[in-house]
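Student: One predicted model, sequence on top.
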Amino acid sequence: MSKFGVLAIGAAGSGKTTFCTALIQHLQTVRRSCFYVNLDPGAENFGYTPDLDIRDLISLEDVMEEMSLGPNGGLIFCFEFLLQNLDFLSTAIEPLSEEYLIIFDLPGQIELYTHIPLLPELIKFLSRSGPLNINLCATYLLEATFVVDKAKFFAGTLSAMSAMIMMELPHVNILSKMDLVKGQINNTQLKKFINADANLLDEEDTGRNEVLEDNTLDYSDPNEVGNMMSGGSFQKLNRAVARLIDDFSMVSFLKLDVNDEDSVGDILSYIDNAIQYHEAQEPKEPKESDVDNANWEND
């Protein structure tokens, strides 16, 4: 019997745990079961207590102290340790029925999603090709505030595309924190960002003009940081990145405002489609009380 799950991934500060909290609240509202798994060994604050917490197996703080590692190396060590102790996951997840949506909250270490093979190994264990047989999809969160800086937006979009290619899962890409950009960008412009339109870079404003209007910069010095981030070479690099994204034609975004119930519900519907949740549900017999109420209304 298949199970169903979703991975919340993305850069640090993109709102993954906040998204998981909003998703759990919405699932409770619509009376659906969920199982919340924290896979961030350095996490501290949660809106809901995880049903399964990697920190019960290994914590980043302990690893950094005992192994004399920094946060990046410590996190990689934690995931290597998890892959050596996968029964920690299987013992908790195997008893779950198909009615549950298993939510995996992952850390914001971007290299986990781009070039280190640890996460693909974990996905292989969790997914339909592994023993847990979970229909998985990934949600990649990118801060909506990135749209203010087009170069930064396309860099984030490239990271999302890299994660899609490496993880080989159905993907739902999300612009999170939409409430922070209300009034800063009109709907016409926003649609271009949602579809990752490379033509955005052909417009005059690169999103850095205001930042770079600094009288302290020496514009004659090619090594000046401000010049490097606004010169012709920088623009060529951005256009090359945008063309690469456009050539693959893989990335588009959904808008997320966690304070808007309809927005969270829309994201959930895309997740359900990606994991084919509703197709696997058996028709349920109506409860006797529901039948009695229906007969009473007909009378």
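Tutor: Looks like it came in fine.

Student: doesn't Ser159 fall inside a strand?
Tutor: No. Read with DSSP: H, G, I helix; E, B strand; the rest coil, Ser159 is helix and lies in no strand.

Student: okay, now it: neighbour count?
Tutor: Look at Ser159: counted by other C-beta atoms under 10 Å, it has 19 neighbours. Where C-beta positions appear, they are placed from N, C-alpha and C, glycine not excepted.

Student: Kindly provide the distance from it to Val30.
Tutor: Noted for Ser159: a distance of 32 Å to Val30, by C-beta to C-beta, to the nearest Å.

Student: What of Gly156?
Tutor: Noted for Gly156: a distance of 31 Å to Val30, by C-beta to C-beta.

Student: Pick out whichever of the two has more residues nearby.
Tutor: Between Gly156 and Val30, counted using other C-beta under 10 Å, the more crowded position is Gly156 (25 against 9).

Student: which residues touch the more buried one?
Tutor: The contact partners of Gly156, taken as C-beta atoms under 8 Å, 6 or more residues apart in numbering, are Ala11, Leu142, Glu143, Phe146.

Student: Who wins on neighbours among those residues?
Tutor: In terms of neighbours by other C-beta under 10 Å, those top out with Leu142 at 27 neighbours.

Student: then the helix or strand in which that one is found to CSV, C-alphas only?
Tutor: Leu142 belongs to strand 134-143 when elements are defined using DSSP states H and E. What follows is strand 134-143, C-alpha atoms only, in CSV (Å, rounded to 0.1, in the frame of the first residue of the first chain):
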residue,chain,number,x,y,z
ILE,A,134,6.0,6.8,-0.4
ASN,A,135,4.5,8.8,-3.3
LEU,A,136,6.7,11.8,-2.8
CYS,A,137,6.9,15.3,-4.2
ALA,A,138,9.1,18.2,-3.3
THR,A,139,8.1,21.8,-2.6
TYR,A,140,11.0,24.2,-3.2
LEU,A,141,10.5,27.6,-1.4
LEU,A,142,12.0,30.8,-2.8
GLU,A,143,11.4,34.1,-1.0
